[in-house]
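**Q** sequence and predicted structure below; questions after.
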Amino acid sequence: DAALATTTPAMKDRKPAYIKATLQVMNNQYPTSITNDKDGGFLSTNAEHHLWQSICNVIRPPKKPLNIKIFMRRAPTQEEFFRGSLTRNPVQLSQIAAAIAVANNQEPTVRHLRQYIADQLQMSETAELIELLCANKILNLDLKLRVVQQVLWKNHLMDNSSSSVFSSLLSGGGAPTFFSTGSGLSMVLSTE
């Protein structure tokens, strides 16, 4: 293993080498010559596009999708208003995107989560009756769930980090604990 590690270049060295090699291929695809030969290159249009896209991905890698789990709990005072029960708790962010058919360039929002919950509770027509809370705050429907998790939820954990439960949640360990005292549907967010 030590011999392999010394012969394999580090990632920081491989990126410039890959970009240089790709640019050389593209240079060979379209050589500059005096004859202005109009013959097509040896790469198809799709292959060229793939090479340019791969250079872009090396320079600025695409963001990895977040694996956010949303744990939900009804306030005891709201039990009678919900007809059904959620089939899955926690709900993963990818499930919401798939169920609501969120466009590729659009991130799931609180509105999408509310509609997902309404569909699961067989309340699709009355989704507007569902109020979602996180960290004892009513969530704006246009907030992205990623922002709720990365800003609101993490700030709430940091502000309340005196207990060991919050410390274990921050470190990613331990079972999620519900602590909301508000009414409506409360949620705890977790990443893996």
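**A** Good, I have the coordinates.
**Q** wait, residue 59 sits on residue 18?
**A** No. The pair residue 59 / residue 18 is not scored as a contact, 10.2 Å apart, by CB atoms under 8 Å. (Each C-beta comes from the backbone N, C-alpha and C, glycine too.)
**Q** comparing those two, which residue is more hemmed in?
**A** residue 18 (13 against 9; other CB atoms under 10 Å).
**Q** helices of this structure, residue ranges please.
**A** Assignment of helices within the chain using DSSP state H yields the ranges 2-7, 11-29, 45-59, 93-100, 110-120, 145-147, 154-159, 164-170.
**Q** can you tell which of the ones you listed is closest to residue 77?
**A** Minimum separation from residue 77 across these (CB to CB) falls at helix 110-120, 17.3 Å.
**Q** which one of the helices of the chain lies nearest to residue 67?
**A** helix 93-100 (7.2 Å).
**Q** so for that closest one, mean pLDDT?
**A** Average pLDDT, helix 93-100: 80.
**Q** report all helices and strands that that helix contacts.
**A** In this structure, helix 93-100 packs against strand 68-74, helix 110-120, helix 145-147, with contacts taken as 3 or more CB pairs under 8 Å, 6 or more residues apart in numbering; DSSP states H and E.
**Q** residues making contact with the longest one?
**A** Helix 110-120 is contacted from outside by 70, 72, 84, 86-88, 91, 95-97, 99-100, 102, 124, 126-127, 130, 132, 139-143, 145, 148, 185, using CB atoms under 8 Å, 6 or more residues apart in numbering.
**Q** taking strand 68-74 as reference, get the angle to that helix.
**A** Going by axes from the mean of the first three to the mean of the last three CA atoms, to 10 degrees, helix 110-120 is angled at 60 degrees with respect to strand 68-74.
**Q** buried stuff in helix 110-120?
**A** Neighbour-count burial for helix 110-120 flags 110-118, 120 (criterion: 16 or more other CB atoms under 10 Å).
**Q** likewise the shortest one?
**A** Of the residues in helix 145-147, those scored as buried under the neighbour-count criterion (16+ other CB under 10 Å) are 145-146.
**Q** now do that helix: distance to the chain's middle.
**A** Put simply, helix 145-147 sits 8 Å off its chain's centre (CA atoms, centre = their mean, to the nearest Å).
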